[in-house]
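Peer 1: Build me a model from this:
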Amino acid sequence: MLKKLRIILALVFWTGITLLFLDFTGALHSWLGWMAKLQFLPALLALNVGVVAFLVVLTLVFGRVYCSVICPLGVLQDGISWLGTHKSKRPYKYKKELKWLRYGVWALFVIALVAGVQVFVALLAPYSAYGRMVQNLLQPLYLWGNNLLAWLAERAGSYAFYPREVWMRSLPTFLIAIVTLVVIVVLSFKGGRTWCNSICPVGTTLSFLSRFAMFRPVIDADQCVRCKTCEVNCKAQCISITKEAVHIDYSRCVDCFNCIDTCPKGGLKYRFAWGSGAKTPQNAPKLAEKDHSGAESAKNAPESAQRRAFLAGTAIAVGAAALKGIEARAQEVAKKTDGGFADVLPKQAPKRETPITPPGSLGARNFYRRCTGCQLCIAECPNNVLRPSTDLNHLMQPEMSFEKGYCRPECTRCGELCPSGAILPISKETKTNFHLGTAGVNTDLCLEATGKSQCGKCAQVCPTGAIMMVEQGDVRRPVVAEEVCIGCGKCEYLCPVRPISAITVNGREVHV
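Peer 2: Model (predicted):
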């Protein structure tokens with residue numbers, strides 16, 4: 001019963017969080033946004049005391065149910081490990097804790113978090129790692145499916161669906177997502193919760209508390225017949241059954257309840273055990289050990305299963321890369337034309353002196369210290385303004401650019417979504433009070449300033465009237481009133497000069 005309840009709750013959380021990253025309409029956030037804010041590290045960075053206190057109490061009372069129910073990466077590992085055991089018929093076996101790796105990674109993670117080295121933090125944070133995989137590898141397939149439905153609906157005279165552009169926002173982040181998926185697949189297929197109990201810093205943090213949990217799986221040594229059924233079904237590989245003693249490492253137990261569900265003698269119970277220490281009773285009589293059907297096979301598990309897991313991950317990576325290549329080629333062939341006479345070159349991102357951080361981030365310092373690079377804001381940005389940074393100092397963290405759209409004054413979705421407090425929610429009425437950046441004109445590219453053509457597009461579309469066309473001799477040139485410019489990027493996006501716009505927005509360190 002406990003296992004079924006855990007599986008149902010886990011599927012609810014995993015499905016909800018996955019849909020949050022797939023949804024591009026923003027309609028699901030009002031229903032499912034709380035699931036993202038319930039993730040441990042984002043809540044910690046957002047100083048959400050209520051959520052952090054809830055997760056701490058939850059772990060102290062029930063153990064690491066967070067890892068088996070709330071964390072989407074943990075639920076994904078459960079699914080992969082289930083395939084590994086049921087398809088290959090390979091049982092698990094007890095493994096000693098790799099303390100040097102587990103606590104070494106945790107120490108480096110904490111140092112990076114305090115020092116503001118968010119690249120390392122973003123790389124290991126479980127919620128962020130899962131979000132990057134969904135946004136980079138699964139969302140394109142979801143959008144292509146939507147576009148197919150939009151195409152079919154249009155031919156049926158319906159506009160229930162509308163097409164969305166599918167494009168690669170960042171090649172480094174895409175490759176990191178592929179590598180992360182391959183590592184997760186291999187480790188989970190082979191060793192169940194190896195990632196959670198050897199690498200994941202959130203899992204290690206909760207392990208300090210779970211060993212003192214009030215309720216936990218406990219082996220009744222008098223009823224235990226040493227059949228090792230619980231050991232070979234423990235995906236955390238934390239149950240040791242020997243002739244001399246029985247032992248559960250509660251720091252690694254993720255409360256999946258597999259052991260309780262499979263014990264043939266009912267010798268395992270999930271019960272109140274506070275104060276009994278981190279080990280199960282070891283004073284049971286030495287019974288003749290009964291061999292489990294899979295106990296010996298664990299020693300001789302075929303290495304072909306490991307090779308299959310590696311090949312499966314590689315196939316996913318190659319397939320995703322091939323799809324991206326096909327899409328890029330299709331876009332290259334189907335170029336837009338201006339009246340059918342000239343190719344319209346796609347816009348390219350200019351080299352900005354200062355990156356532009358999203359509205360509500362208050363400035364670069366606050367944003368970069370709190371952002372975990374989960375990509376949720378990127379996945380749901382309706383204007384295609386946000387994309388992962390390729391700068392090594394801020395790799396995978398969002399930045400704004402205006403080749404495919406501009407930051408509309410009425411849009412505040414990124415602040416509504418962010419679970420870590422890196423982007424604070426702001427109202428539509430106050431959004432224009434935040435100056436994200438300042439536009440600058442390159443007179444060598446400007447059509448008006450060079451006398452090549454009459455234009456003035458930037459002055460026409462500026463929502464705050466920050467750009468004016470000023471007469472200088474025989475030509476006009478745009479002049480930007482910096483104190484009025486809010487850095488929305490509309491001028492840069494709509495500038496007809498290509499591939500680099502004649503007007504470029506540079507970010508501000510502080511949004512005042």
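Peer 1: alpha carbons only for contacts and neighbour counts from here, please
Peer 2: Will do.
Peer 1: Next, count neighbours for the spatially closest residue to Lys95 that is not a sequence neighbour.
Peer 2: Nearest residue to Lys95 in three dimensions, chain neighbours excluded: Gln237, at 5.8 Å (CA to CA, 6 or more residues apart in numbering). Applying other CA atoms under 10 Å, we find 25 residues neighbouring Gln237.
Peer 1: Then Val480?
Peer 2: Neighbours of Val480 (other CA under 10 Å): 19.
Peer 1: Name the residue closest to the centre of this protein, please.
Peer 2: Gly131 (2.0 Å; CA atoms, centre = their mean).
Peer 1: what does the helix or strand harbouring that residue rub up against?
Peer 2: Assigned by DSSP states H and E, Gly131 belongs to helix 126-133. With CA atoms under 8 Å, 6 or more residues apart in numbering as the contact definition, helix 126-133 has outside contacts at 18, 21, 39, 71-73, 122-123, 173-174, 177-178, 180-181, 200, 202, 372-376.
Peer 1: Please export the C-alpha coordinates of the helix or strand following that helix as CSV.
Peer 2: Beyond helix 126-133 on the C-terminal side, the first helix or strand identified by DSSP H and E is helix 139-155. Extracted as CSV, the C-alpha positions of helix 139-155 are listed here (Å, rounded to 0.1, in the frame of the first residue of the first chain):
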residue,chain,number,x,y,z
GLN,A,139,10.3,20.4,-25.5
PRO,A,140,11.4,20.5,-29.2
LEU,A,141,9.5,17.3,-29.8
TYR,A,142,6.5,18.7,-28.0
LEU,A,143,6.6,21.8,-30.1
TRP,A,144,6.9,19.9,-33.3
GLY,A,145,3.9,17.9,-32.3
ASN,A,146,2.0,21.1,-31.6
ASN,A,147,3.0,22.5,-35.0
LEU,A,148,1.7,19.4,-36.7
LEU,A,149,-1.6,19.8,-35.0
ALA,A,150,-1.6,23.5,-36.0
TRP,A,151,-1.0,22.6,-39.6
LEU,A,152,-3.8,20.0,-39.6
ALA,A,153,-6.2,22.4,-37.8
GLU,A,154,-5.5,25.2,-40.3
ARG,A,155,-6.4,22.9,-43.2
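Peer 1: Provide the backbone phi and psi angles at the residue nearest to Lys95.
Peer 2: With angles defined as degrees, to the nearest 10, Gln237 sits at phi 50, psi 40.
Peer 1: What of the one 10 residues further on?
Peer 2: Here the main-chain torsion angles of His247 (degrees, to the nearest 10) amount to phi -150, psi 140.
Peer 1: thought it was touching Ile239?
Peer 2: Yes. Counting by CA atoms under 8 Å, Ile239 is a contact partner of His247 at 5.8 Å.
Peer 1: tell me the secondary structure for Leu181?
Peer 2: At Leu181 the chain is in helix, as set by DSSP: H, G, I helix; E, B strand; the rest coil.
Peer 1: separation between it and Cys238?
Peer 2: 24 Å (CA to CA, to the nearest Å).
Peer 1: rewinding a little: I'd say the residue nearest to Lys95 and Cys230 touch.
Peer 2: No. Counting by CA under 8 Å, Gln237 stays clear of Cys230, with 9.8 Å between them.
Peer 1: domain ranges for the protein?
Peer 2: 75-333, 335-507 (automatic domain parsing).
Peer 1: Reformat the ones you listed as a markdown table; add mean pLDDT and distance to Ala27.
Peer 2: Shown next, in a markdown table, are the domains of the chain (pLDDT from 0 to 100; distance: least, CA to CA, whole Å):
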| stretch | mean pLDDT | distance to Ala27 |
| --- | --- | --- |
| domain 75-333 | 81 | 14 |
| domain 335-507 | 90 | 10 |
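Peer 1: and the ones you listed as CSV, adding distance to Lys3?
Peer 2: Below are the domains of the chain laid out as CSV (distance: least, CA to CA, whole Å):
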stretch, distance to Lys3
domain 75-333, 5
domain 335-507, 29
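Peer 1: Can you say which of these is nearest to Leu28?
Peer 2: domain 335-507 (10.5 Å; CA to CA).
Peer 1: Next up, the contacts around the closest residue to Thr173 other than its chain neighbours.
Peer 2: Leaving aside its chain neighbours, Thr173 sits nearest to Met396 (5.9 Å; criterion: CA to CA, 6+ apart). Each residue near Met396 by CA under 8 Å, 6+ apart is listed here: 119, 122, 173, 373, 375, 388-390.
Peer 1: Swap in 6 Å and give it another go.
Peer 2: By CA atoms under 6 Å, 6 or more residues apart in numbering, the residues touching Met396 are 173, 373, 388-389.
Peer 1: Give me the subset of those lying in strands.
Peer 2: Pro388 (DSSP state E).
Peer 1: got CSV for the contacts of Met396, with neighbour count and distance to Phe161 too?
Peer 2: Below are these laid out as CSV (neighbours: other CA atoms under 10 Å; distance: CA to CA, whole Å):
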residue, neighbour count, distance to Phe161
Thr173, 23, 29
Gly373, 30, 29
Pro388, 23, 27
Ser389, 21, 30
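Peer 1: Tell me the one among the contacts of Met396 nearest to Arg216.
Peer 2: Gly373 (33.9 Å).
Peer 1: check contacts around that closest one.
Peer 2: Counting by CA under 6 Å, 6+ apart, the residues that Gly373 touches are 122, 396-397.
Peer 1: go with 7 Å
Peer 2: 122, 128, 396-398 (CA atoms under 7 Å, 6 or more residues apart in numbering).
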